[in-house]
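Asks: Structure, please.
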Amino acid sequence: MADVFISYASEDRDRVRPLAEALIQRGFNVWWDRALAAGEDYAATIERELRAAKAVIVVWTRSSVASTFVRDEAGRARDEGRLVPVMLDKVEFPLGFGAFQAEDFTRWNGGSNAPQLQLLEEVLRAKLSGRAVDSSAIERRRRRLGARIRLVSLLTVIALVVGIAAGGRYLFNPPEPQTDLRAELLRLLEEGTLTPEQAIQLAEILEAGALGETQVAESAPMASPGAPIDSRVAEEGPAWSGDTRPVVVSASVFDEAARATYREAARALLQHPDASVRRAALQMSSPETRDSAMQTLWSYAQSNPNDPLRDEIYLLCGAVGEANDNPLGQRALEVAANLAPGDADVWRMLARSYDRTDRDQDAQAAVLVSQAAEAQSQGQPQIAEQRLQEALPNLSAAELRAPVASELGQLAEARGDWDSASARFAQAYTLREQTAAETPTSAAADVLEADAQQLVIALDRSGRTREACERLRQAQAAHDVAAPDQDLLERCRRLFRTQLRDRVEVAPQLRLRREAIQQTPEQDVAPTP
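Replies: Here you go, the predicted model:
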């Protein structure tokens, strides 16, 4: 009698045969009704083999879900702890079987060495040896093998795209899912032949390799991005005080933030026009090449400040670096926080990084900023302002106090408090100047210009136009800051004879906000003579 019994609908016999033969090739003793000898009692033989088998594979298809015999055999296997469901069609399982994870063979190519067979073998070996199946290990293995399945599918699609140019060598024989896949993907990325849809899929495939399998504690449930701010507070922990040092960001929160950040950044960089960036983005998924790839991306971003995908480079380096405890990850997250201070995920990852490096006060302050960003996105500006005010004095680096001060300025601006807004923007600009002097980078220069322009606008809107013109003159002399608009430039020259350069250009960080600023009603005040 056999160890493995396969239950299926008779209409699916030809589809089940490759599965039975593949398992036999992998050393399993398998029984299915093709093994019936002439003259044997059909029902008695099935009953005997079903009772003796240590594992019962139930093949779910459109036919078998309607089969009384299959459901009866599956029910007995389920009740006795021997059930191993396999899915050949995307179907709704019969009542009573929905809670059991079925191995997905809907895209199986029939090979005995295919990823699906490797996963099924692990489950069967556990059943046959009488040990419990490690569901968490199986799930991790399932995700990794699922990525390989999608990778082969993706390469087939790509091969069709470039098949003519490649002489058709991959049209009918796509590469096996081994090391040559990475080389082939690398070649295709360097050629720039990936479509946006393929880049999205590839980013999802590479995610597990870049970020690893994060261990998530069951006691720390993952909050959804749209969850109320109070649930984020409860999950991320209270503000740090005294000798108490709570976990500032749970494993699940960091995992959610890192994966969302990686996915968006990687799918953009896999389509980057520069081949070296595409190569490095791919190499971030391999432990052997990750560190050098991260350094390549960092150097590229520093040398190309006007690259429209520069922010995505810092985000990718930050998420992957922090997930793998690379010190460059923290530095990249700090730069990303400056460029996108309203990104809650960046601050959550930064909080985890500071916590990991024993910077307790900075970690808790970063949590507060992340909560502020979340509150702002939910239309709760008062909570956002409160959190930012609590965080600002507890951030040790001027580089991070600056974006927080700037965000407070924008909140004051939104409620029409131009005096408070100008005070906050002045604070941010001073901190930016300090940062630029200590660590001169292209990113620091960009945000410095943005804060200078916000300060000039706020001063002008509060009726302090003379002061606005003088601050603009000083900023142009020290940092070659452009005027935020032509009208202000002309008024400064006409009313106060301020010597200003002709360059007028809104800083990139302000472009999206410019329309909202211009639509705010002008205050009924006259310029200061």
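Asks: Share the number of residues neighbouring the closest residue in space to Ala2 that isn't next to it in sequence, please.
Replies: Of all residues not flanking Ala2 in the chain, Trp31 sits nearest, at 3.5 Å (C-beta to C-beta, 6 or more residues apart in numbering). Every C-beta, even on glycine, is put in place using the N, C-alpha and C of the backbone. Using other C-beta atoms under 10 Å, Trp31 has 21 neighbouring residues.
Asks: List the contacts of Trp31.
Replies: 1-2, 4-6, 49, 53 (C-beta atoms under 8 Å, 6 or more residues apart in numbering).
Asks: can those go into a markdown table with extra columns for pLDDT, neighbour count and secondary structure?
Replies: Formatted as a markdown table, the contacts of Trp31 follow (pLDDT from 0 to 100; neighbours: other C-beta atoms under 10 Å; DSSP: H, G, I helix; E, B strand; the rest coil):
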| residue | pLDDT | neighbour count | secondary structure |
| --- | --- | --- | --- |
| Met1 | 80 | 12 | coil |
| Ala2 | 88 | 17 | coil |
| Val4 | 94 | 23 | strand |
| Phe5 | 94 | 25 | strand |
| Ile6 | 95 | 26 | strand |
| Glu49 | 90 | 20 | helix |
| Ala53 | 93 | 24 | coil |
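Asks: tell me which of the residues you listed is nearest to Gln434?
Replies: Using C-beta to C-beta, Val4 is the member of the contacts of Trp31 that sits closest to Gln434, with 69.8 Å.
Asks: Now that closest one: closest residue in space, sequence neighbours ignored.
Replies: Val30 (4.7 Å).
Asks: What of Phe254?
Replies: In space, Phe254 is closest to Arg352, 4.6 Å off (C-beta to C-beta, 6+ apart).
Asks: any idea how far Leu400 is from that neighbour?
Replies: Distance, Arg352 to Leu400, by C-beta to C-beta, to the nearest Å: 15 Å.
Asks: Equivalent analysis for Asn304, please.
Replies: Taken as C-beta to C-beta, the span from Asn304 to Leu400 is 24 Å.
Asks: Between the two, which has more neighbouring residues?
Replies: Higher neighbour count among Asn304 and Leu400: Leu400, with 25 against 15, using other C-beta under 10 Å.
Asks: isn't there a helix covering that one?
Replies: Yes. Counting by DSSP: H, G, I helix; E, B strand; the rest coil, Leu400 is part of a helix.
Asks: Now that it has come up, it's in contact with Ala336, right?
Replies: No. Using C-beta atoms under 8 Å, Leu400 is not in contact with Ala336, being 11.1 Å away.
Asks: got a list of what the closest residue to Val84 other than its chain neighbours touches?
Replies: Spatial nearest neighbour of Val84, chain neighbours left out: Ile57 (4.9 Å); criterion: C-beta to C-beta, 6+ apart. By C-beta under 8 Å, 6+ apart, Ile57 lies in contact with 4-7, 19, 84-86, 120, 124.
Asks: pLDDT wise, what is Ile57 at?
Replies: Ile57 carries a pLDDT value of 95.
Asks: Can you show me the helices along the stretch 251-400 of the chain?
Replies: 251-269, 275-283, 290-303, 310-323, 327-339, 344-356, 360-377, 381-391, 398-414 (DSSP state H, counting those that start in this stretch).
Asks: What is the helix or strand hosting Asp487 packed up against?
Replies: Using DSSP states H and E, Asp487 maps to helix 486-496. In terms of contacts (3 or more C-beta pairs under 8 Å, 6 or more residues apart in numbering; DSSP states H and E), helix 486-496 is packed against helix 442-461, helix 465-479.
Asks: show me where pLDDT drops low in the stretch 151-300 of the chain?
Replies: 151-202, 204-206, 208-209, 212-247 (pLDDT under 70).
Asks: What's the mean pLDDT across the helix or strand that Asp72 is a member of?
Replies: Per DSSP H and E: Asp72 is located in helix 68-79. Helix 68-79 carries an average pLDDT of 91.
Asks: Next: stretch 324-340.
Replies: 92.
Asks: contacts for that stretch?
Replies: 211-212, 287, 290-291, 294-295, 298, 311, 314-315, 317-323, 343, 346-347, 349-350, 353-354, 356-357, 369, 397, 399-400, 402-403, 441, 443-444, 446-447, 509.
Asks: 7 Å instead, please
Replies: 212, 290-291, 294, 298, 311, 314-315, 317-318, 320-322, 346-347, 349-350, 353, 357, 399-400, 403, 443, 447 (C-beta atoms under 7 Å, 6 or more residues apart in numbering).
Asks: Going by neighbour count, which of these are buried?
Replies: 290, 294, 298, 311, 314-315, 317-318, 320-322, 346-347, 349-350, 353, 399-400, 403, 443, 447 (16 or more other C-beta atoms under 10 Å).
Asks: how about Glu103, phi and psi?
Replies: phi -70, psi 130 (degrees, to the nearest 10).
Asks: State whether it and Gln116 are indeed in contact, as I suppose.
Replies: Yes. Using C-beta atoms under 7 Å, Glu103 makes contact with Gln116 at a distance of 6.3 Å.
Asks: More neighbours: those two, which one.
Replies: Gln116 (23 against 19).
Asks: can you pull the contacts of that one?
Replies: Counting by C-beta under 7 Å, 6+ apart, the residues that Gln116 touches are 103, 105, 108.
Asks: Out of the residues you listed, the closest to Arg471 would be?
Replies: Using C-beta to C-beta, these come closest to Arg471 at Glu103, 66.2 Å.
Asks: who touches stretch 91-98?
Replies: In contact with stretch 91-98 (C-beta under 7 Å, 6+ apart) are residues 60-62, 65, 71, 74-75, 78, 85.
Asks: Using PyMOL, define a selection of the buried residues within these.
Replies: This is the PyMOL syntax for the buried subset of the contacts of stretch 91-98, where burial follows 16+ other C-beta under 10 Å:
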select buried, resi 60+61+65+71+74+78+85
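Asks: Tabulate the contacts of stretch 91-98 (a markdown table), appending distance to Leu128.
Replies: Converted to a markdown table, the contacts of stretch 91-98 look like this (distance: C-beta to C-beta, whole Å):
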| residue | distance to Leu128 |
| --- | --- |
| Trp60 | 21 |
| Thr61 | 25 |
| Arg62 | 29 |
| Val65 | 26 |
| Arg71 | 24 |
| Ala74 | 19 |
| Gly75 | 21 |
| Arg78 | 17 |
| Pro85 | 17 |
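Asks: ok, which pair from the contacts of stretch 91-98 is furthest apart?
Replies: Once C-beta to C-beta is applied, those give Arg62 and Arg78 as the farthest pair, at 20.5 Å.
Asks: follow-up on the earlier one: close enough to count as contact, the residue nearest to Phe254 and Val249?
Replies: Yes. Counting by C-beta under 7 Å, Arg352 touches Val249, with 4.5 Å between them.
Asks: Please list all residues in contact with the residue nearest to Gln454 when sequence neighbours are not counted.
Replies: Spatial nearest neighbour of Gln454, excluding adjacent residues (C-beta to C-beta, 6+ apart): Phe425 at 4.6 Å. Applying C-beta under 7 Å, 6+ apart, we find Phe425 in contact with 406, 409, 451, 454-455, 458.
Asks: Ok, Ala293 next?
Replies: Residues in contact with Ala293 (C-beta under 7 Å, 6+ apart) are 280, 283-284.
Asks: repeat for Asp33
Replies: Ile46.
Asks: and Gln118, how many neighbours?
Replies: 15.
Asks: err, Ala319, not the other one
Replies: Neighbours of Ala319 (other C-beta under 10 Å): 32.
Asks: now do Gln499
Replies: 11.
Asks: Need the nearest residue in space to it, chain neighbours excluded.
Replies: Arg473 (6.4 Å).
Asks: TSV for the contacts of Ile57, including distance to Arg26?
Replies: Converted to TSV, the contacts of Ile57 look like this (distance: C-beta to C-beta, whole Å):
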residue	distance to Arg26
Val4	11
Phe5	16
Ile6	14
Ser7	19
Leu19	11
Val84	14
Pro85	19
Val86	14
Leu120	9
Leu124	9
